[in-house]
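*Asks:* Give me coordinates for this.
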Amino acid sequence: MTGKTGNIILAGMIIGAILGVFGGLYAGDFFLSIRFIGTLFLNALKMIVVPLIVASMIVGVTSLGDVSKLGKTTGKTLLYYFITTGFSVVIGIILVNILKPGEGVESFGAFVPDLVANSTGKSFIDVIVGLIPPNIIDAAAKGKVLPLIVFSLLFGTVLTTIGEKGKPVIQFFEGLNVAIMKLVNWIIYFAPLGVMALIGGIIAENRESLTELLSSLALYSFTVIFGLIIHAVVILPLMLKLFTGRKPFRYFLNMGQALTTAFTTASSSATLPITMECIEEKNKVDERAASFVLPLGATINMDGTALYEAVAALFIAQIYGVELGFTDQIIIFLTATLASIGAAGIPHAGTVTMVFVLSAVGLPLEGIGLIWAIDWFLDRCRTTVNVWGDSVGAAVISETKEFKN
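*Replies:* Numbers count the residues shown, from 1 in each chain. Next up is the predicted model:
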């Protein structure tokens, strides 16, 4: 896709989002009736996520060659993810302690959402066990991305150790990866219409909660969004400039299609195909680094989600009048960081893993119901930051000696 075509599509996506907002507010019934168009666009993205992850991860691993490089690259990638996620949580904790959005807010309407209630029995051990599924085809059918990544890492590593017999298999996955990215280009052409239908339907469906967003939960929403802005506009661009020398603003503009899609779909996994297209075609990041880092990041690098979980936990504590000391807030820091890693790249995944954070400091799960009405909006904000963090991470890791050499 040429730069000119990409810019036209990006402009179309922005116009589509604006039309969706106003259409959802003033022509809600119509936009609810055409919401299926947005669903088709979202399904098209989800349709290619599994083959894209498998092909790109295997290509990324085999391109490293030496198996020892895989361990070093994985270690550096995980270190980057942990550092940026830690920064985001600290920002959230500092802001919520300063602004105190929960003071004076009533606990009326507290409940445990069904999505959360169905996940309360899960633990960190379950997440670890889930990394090795008994049936990889079943895991793919259920959209479980993390097991697919583990399998692809192992399979790609094996291919680099069997010499000539592995080359035809590697060439197959290289061809599959190219074909999938071509398919991504075709899907992007329909993005403006898909974005308009999705946003319009979302706004129309949640018009009533908009008033709640502007009243009792306004300061909470502001705290989350302000923290996300600090992380996205200050911390991540600083890391991009420091480790790569790239111009953050130009890099950000080139990620426009991916970030708009992330906000629309609230899913970093569904956005992955477009993220890879923007990273490789527009920002010219090493394809090997993008193939390795981005699928992994879409699953475990959740800066925005971690910040949201820390703010939400302390917000709920303030509402219920629970005084959390320094030790409790350290526990929130650790559990929010780890829980975000276990969050799937799907809508409301951060709300599900909130169970770990609240349980760790003894806060009632019913508190999640207090913020549920506006989670649809904040979910999109934090997903956009998640994707932006993945994008910066790909550029940073591409500068390591394993790729430079």
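
*Asks:* Residue ranges in the stretch 51-200 of the chain under the pLDDT threshold?
*Replies:* 65-68, 105-124, 126-127 (pLDDT under 70).

*Asks:* Tell me which other helices or strands the helix or strand encompassing residue 18 touches.
*Replies:* Assigned by DSSP states H and E, residue 18 belongs to helix 3-26. For helix 3-26, the packing partners by 3 or more CB pairs under 8 Å, 6 or more residues apart in numbering; DSSP states H and E come out as helix 28-33, helix 191-205, helix 256-265. (Glycine included, C-beta is placed from N, CA and C.)

*Asks:* in the longest one, what's buried?
*Replies:* For helix 191-205, the neighbour count (16 or more other CB atoms under 10 Å) marks 191-204 as buried.

*Asks:* Now do the closest residue to residue 174 other than its chain neighbours against residue 353, distance only.
*Replies:* Of all residues not flanking residue 174 in the chain, residue 59 sits nearest, at 5.5 Å (CB to CB, 6 or more residues apart in numbering). Noted for residue 59: a distance of 30 Å to residue 353, by CB to CB, to the nearest Å.

*Asks:* Counting neighbours, go ahead and name the busier of these two.
*Replies:* residue 353 (26 against 23; other CB atoms under 10 Å).

*Asks:* C-alpha coordinates for the helix or strand harbouring that one, PDB please?
*Replies:* If you go by DSSP H and E, residue 353 is part of helix 349-360. C-alpha atoms of helix 349-360 as PDB (Å, rounded to 0.1, in the frame of the first residue of the first chain):
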ATOM      1  CA  ALA A 349     -10.100  -8.400  29.400                       C
ATOM      2  CA  GLY A 350      -8.600  -5.900  31.900                       C
ATOM      3  CA  THR A 351     -11.900  -6.000  33.800                       C
ATOM      4  CA  VAL A 352     -11.700  -9.800  34.100                       C
ATOM      5  CA  THR A 353      -8.100  -9.800  35.500                       C
ATOM      6  CA  MET A 354      -9.200  -7.000  37.900                       C
ATOM      7  CA  VAL A 355     -10.300  -9.900  40.100                       C
ATOM      8  CA  PHE A 356      -6.600 -10.700  40.900                       C
ATOM      9  CA  VAL A 357      -5.900  -7.200  41.900                       C
ATOM     10  CA  LEU A 358      -8.900  -6.600  44.100                       C
ATOM     11  CA  SER A 359      -8.600 -10.000  45.800                       C
ATOM     12  CA  ALA A 360      -4.900  -9.400  46.600                       C
END
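
*Asks:* From the contact counts, what lies against the helix or strand just after it?
*Replies:* Remark: after helix 349-360, the chain's next helix or strand is helix 368-372, criterion DSSP H and E. Judged by 3+ CB pairs under 8 Å, 6+ apart, helix 368-372 is in contact with helix 303-319, helix 349-360.

*Asks:* In JSON lines, list those helices along with mean pLDDT.
*Replies:* What follows is these, written out as JSON lines (pLDDT from 0 to 100):
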{"stretch": "helix 303-319", "mean pLDDT": "90"}
{"stretch": "helix 349-360", "mean pLDDT": "75"}
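
*Asks:* Tell me the secondary structure of the residue of the chain most remote from its centre, please.
*Replies:* Farthest-out residue of the chain from its mean C-alpha position, per CA atoms, centre = their mean: residue 164, at 37.6 Å. Recorded secondary structure, residue 164: helix (DSSP: H, G, I helix; E, B strand; the rest coil).
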